[in-house]
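A.B. asks: Dropping a prediction and its sequence here:
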2 protein chains.
Amino acid sequence: MHGKIIPFATNVAAPKTTTRILDAAEALFMEHGFEATTLRAITGTAGVNLAAVNYHFGSKEELFQAVLTRRLDPMNEARLALLTRLEHDYAPKPVPCEKILTALFVPALELARDRHRGGENFLRLLGRAYADPAPFIRKFLSDQYAVMIARFKAAFGRALPRLPRKELSWRLHFIMGALSYTLAGTDAAKLIAELTPHETNNDEALLRRLAPFLLAGLQAPMAASADVTRELDGELARRR
Amino acid sequence: MHGKIIPFATNVAAPKTTTRILDAAEALFMEHGFEATTLRAITGTAGVNLAAVNYHFGSKEELFQAVLTRRLDPMNEARLALLTRLEHDYAPKPVPCEKILTALFVPALELARDRHRGGENFLRLLGRAYADPAPFIRKFLSDQYAVMIARFKAAFGRALPRLPRKELSWRLHFIMGALSYTLAGTDAAKLIAELTPHETNNDEALLRRLAPFLLAGLQAPMAASADVTRELDGELARRR
DNA sequence: CTAAGATTCAAACAAACGTTTAAACGAGAA
DNA sequence: TTCTCGTTTAAACGTTTGTTTGAATCTTAG
């Protein structure tokens, strides 16, 4: 019995194999999703042996988490750092909504721009993971985001003191949802190609359109809510 | 050689087997996604023979499409019918935004309410399908929605004459995205349980919060766009 | 150089997958 | 009854999956 010991790299410089696996896995997971991506495809495009994944990462699931962590940890830390600086700059006043949104978007943009590290397509993988039903993925993302989301919710709460906390929770959820879906979308790529073919960075073009849209929704007065809701009520009653 | 002939039901009353398969498949696809759901699990919970799926539907992919079509076709037809009626009522004036949104949401709400036909959870399956990378799913949804989306885009365009068409395309995309993601989310279920435990219908509670949020984003003036975008520019420049 | 440990390799593993097959079944018509 | 044809059944098909294994190879320190 050999146990489940996963050896760590003894050299400080990471052996090339692990990063090659991570790069290949990132690209393939992004394109086909978790279930549909086989270890043989990953090790094949990475140019390493099939057994390398289980040797270095333990399992396919752990490899997937490693792929996400590599980019997600720095991004979320950057988000928190940005928010912290904003809160310091504006103290004791609340940070304005558009500034908070900036702290949420800029690190994502930087990730999207980091072409050297293949980040240009990573956001799509992230968006896809958000919609994946696999329990281990959902738990991983939930844990990964819990701290950051809590901090941002508090900040938005201070910026929008008149908005009930419940409503704020909903709108923050919508924001993260729209962000995830938009980044994951295959349709988004088409839209970009059709609408702004000259844009240098796809994800940047996308986020630039998304941010104003979400800001308006976030700042929507509660009163306006009645407009659509009343319509819903009326229409539903009429059709019964 | 037997060919790929898929026999149609000769009896006008559908044989119980096909609907049992559809029901079981709908529930399982919703819970685990397309790839992770096995035919053995479907036929097992449906209480039918393993070969029944291939006999009645031809393949797993065709079964999935049948599951979606059963609920999607009526929903999209209802959306178009509602929009048509609205356009007739308001003609020659354009239909207001909130009314158009209503035509988009009400049929989804009715589907969510149709508990007798298991519709309460179907919307989650739909949202998941939206984020699925499988090509046959993407093509299916694209074809399915093409007509409806075009009609609604035209209607929104008339309601928002000052909004550039490009911008409208983006915002419509965001709306469909937020709708899909929100319906697919496992997080949404938790949110509902925490925030509105008394609500009778989960999806309804969800759409009621989403609609005002999206309406505000849709109607956001182009000018406001500069607010966030300028922040993005500044922050990105500062961090280079 | 040598010994030890980390890494790679080809090969095989059992399990599970979607699909196919041929026989058995069941109801209605002649 | 007998024939027919749509349906169901149990069994097996050939692949492919993630993972494991033991030997070969490379790296590095003594």
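C.D. replies: Ah, there it is.
A.B. asks: Mind listing residues that contact stretch A:139-159?
C.D. replies: Stretch A:139-159 is contacted from outside by A:65, A:68-69, A:72-73, A:76, A:79-80, A:83, A:86-87, A:94-97, A:100, A:103-104, A:129-130, A:163, A:165, A:168-169, A:172, A:176, A:218, B:187, using C-beta atoms under 8 Å, 6 or more residues apart in numbering or on different chains. Backbone N, C-alpha and C define where each C-beta goes, glycine included.
A.B. asks: Please export the C-alpha coordinates of whichever strand or helix holds A:Phe29 as CSV.
C.D. replies: Using DSSP states H and E, A:Phe29 sits within helix A:16-32. Output in CSV follows, covering the C-alpha atoms of helix A:16-32 (Å, rounded to 0.1, in the frame of the first residue of the first chain):
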residue,chain,number,x,y,z
LYS,A,16,8.1,22.3,-16.1
THR,A,17,5.7,19.4,-16.1
THR,A,18,3.2,20.8,-13.6
THR,A,19,2.9,24.1,-15.4
ARG,A,20,2.5,22.4,-18.7
ILE,A,21,-0.3,20.3,-17.3
LEU,A,22,-1.9,23.4,-15.8
ASP,A,23,-1.8,25.3,-19.1
ALA,A,24,-3.1,22.5,-21.1
ALA,A,25,-5.8,21.7,-18.6
GLU,A,26,-6.9,25.4,-18.4
ALA,A,27,-7.3,25.5,-22.2
LEU,A,28,-9.2,22.3,-22.5
PHE,A,29,-11.4,22.7,-19.5
MET,A,30,-12.3,26.1,-20.9
GLU,A,31,-13.2,24.7,-24.2
HIS,A,32,-15.1,21.5,-23.3
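A.B. asks: quick revisit: name only those of the contacts of stretch A:139-159 that count as buried.
C.D. replies: A:65, A:68, A:72, A:76, A:79-80, A:83, A:86-87, A:94-95, A:97, A:100, A:103-104, A:129-130, A:163, A:168-169, A:172, A:176, A:218, B:187 (16 or more other C-beta atoms under 10 Å in any protein chain shown).
A.B. asks: any idea how far A:Phe64 is from B:Ile100?
C.D. replies: Look at A:Phe64 and B:Ile100: by C-beta to C-beta, to the nearest Å, they are 40 Å apart.
A.B. asks: Near DNA strand D, which residues of chain A? Just list them.
C.D. replies: Counting by C-beta under 7 Å from any atom of the strand, chain A comes close to DNA strand D at A:2, A:4, A:11, A:37-41, A:50-51, A:53-54, A:59-61.
A.B. asks: Next, find the distance separating the most centrally placed residue in chain A from chain B.
C.D. replies: In chain A, the centroid-proximal residue (C-alpha atoms, centre = their mean) is A:Leu126; its distance is 4.8 Å. As judged by C-beta to the nearest C-beta, to the nearest Å, A:Leu126 and chain B stand 12 Å apart.
A.B. asks: Can you check the pLDDT for that residue?
C.D. replies: At A:Leu126, the model reports a pLDDT of 84.
A.B. asks: residues in contact with it?
C.D. replies: Residues near A:Leu126 by C-beta under 8 Å, 6+ apart: A:68, A:71-72, A:180, A:183-184.
A.B. asks: returning to that earlier point: just among the residues of chain A next to DNA strand D, which is most surrounded?
C.D. replies: A:Val53 (24 neighbours; other C-beta atoms under 10 Å in any protein chain shown).
A.B. asks: Can you tell me what sits against the helix or strand where that one lies?
C.D. replies: Here A:Val53 sits within helix A:52-56, counting by DSSP H and E. Residues from elsewhere that reach helix A:52-56 (C-beta under 8 Å, 6+ apart): A:6-7, A:17-18, A:21, A:39, A:42-43, A:46, A:59-60, A:63.
A.B. asks: nearest to DNA strand D, of the contacts of A:Leu126?
C.D. replies: Distance to DNA strand D across the contacts of A:Leu126 (C-beta to the nearest atom of the strand) is lowest for A:Leu68, with 16.3 Å.
A.B. asks: would you list every one of the strands in chain A?
C.D. replies: With DSSP state E, there are no strands along chain A.
A.B. asks: The longest helix seen in it near DNA strand C at all?
C.D. replies: Criterion DSSP state H: the longest helix present in chain A is helix A:60-90. No: for helix A:60-90, no contact with DNA strand C is found by C-beta under 7 Å from any atom of the strand; the gap never falls below 13.5 Å.
A.B. asks: Could you quantify the relative orientation of that helix and helix A:16-32 as an angle?
C.D. replies: If you take axes from the mean of the first three to the mean of the last three C-alpha atoms, to 10 degrees, helix A:60-90 sits at 90 degrees to helix A:16-32.
A.B. asks: count of residues packed around the nearest residue to A:Glu204 once chain neighbours are set aside?
C.D. replies: Spatial nearest neighbour of A:Glu204, chain neighbours left out: A:Leu109 (5.7 Å); criterion: C-beta to C-beta, 6 or more residues apart in numbering or on different chains. A:Leu109 has 22 neighbours, counted by other C-beta under 10 Å.
A.B. asks: Can you give me the pLDDT of A:Leu109?
C.D. replies: Value for A:Leu109, per-residue pLDDT: 81.
A.B. asks: these two touch, right, it and A:Ala205?
C.D. replies: No: the criterion here is C-beta atoms under 8 Å, and A:Leu109 misses it with A:Ala205 at 10.5 Å.
A.B. asks: Excluding chain neighbours, what is closest to A:Leu218?
C.D. replies: Nearest residue to A:Leu218 in three dimensions, chain neighbours excluded: A:Arg171, at 5.4 Å (C-beta to C-beta, 6+ apart).
A.B. asks: hmm, back to that, the helix holding A:Val53 and DNA strand C, any residue contact?
C.D. replies: Yes: part of helix A:52-56 sits near DNA strand C under the criterion C-beta under 7 Å from any atom of the strand, namely A:52, A:55-56.
A.B. asks: What about the residues you listed, which one has the most neighbours?
C.D. replies: Each of those was scored for neighbours by other C-beta under 10 Å, and A:His56 scores highest at 20 neighbours.
A.B. asks: any idea how far DNA strand D is from that residue?
C.D. replies: For A:His56, the distance to DNA strand D equals 11 Å [C-beta to the nearest atom of the strand, to the nearest Å].
A.B. asks: ok, now A:Ala129?
C.D. replies: In this view, A:Ala129 and DNA strand D are 16 Å apart by C-beta to the nearest atom of the strand.
A.B. asks: My understanding was that that residue contacts A:Leu123; is that so?
C.D. replies: No: counting by C-beta under 8 Å, A:Ala129 does not reach A:Leu123; the two are 10.6 Å apart.
A.B. asks: mind listing the helices for chain A?
C.D. replies: A:16-32, A:39-46, A:52-56, A:60-90, A:97-113, A:122-131, A:135-159, A:165-184, A:186-195, A:202-219, A:222-239.
A.B. asks: Understood, closing this out.
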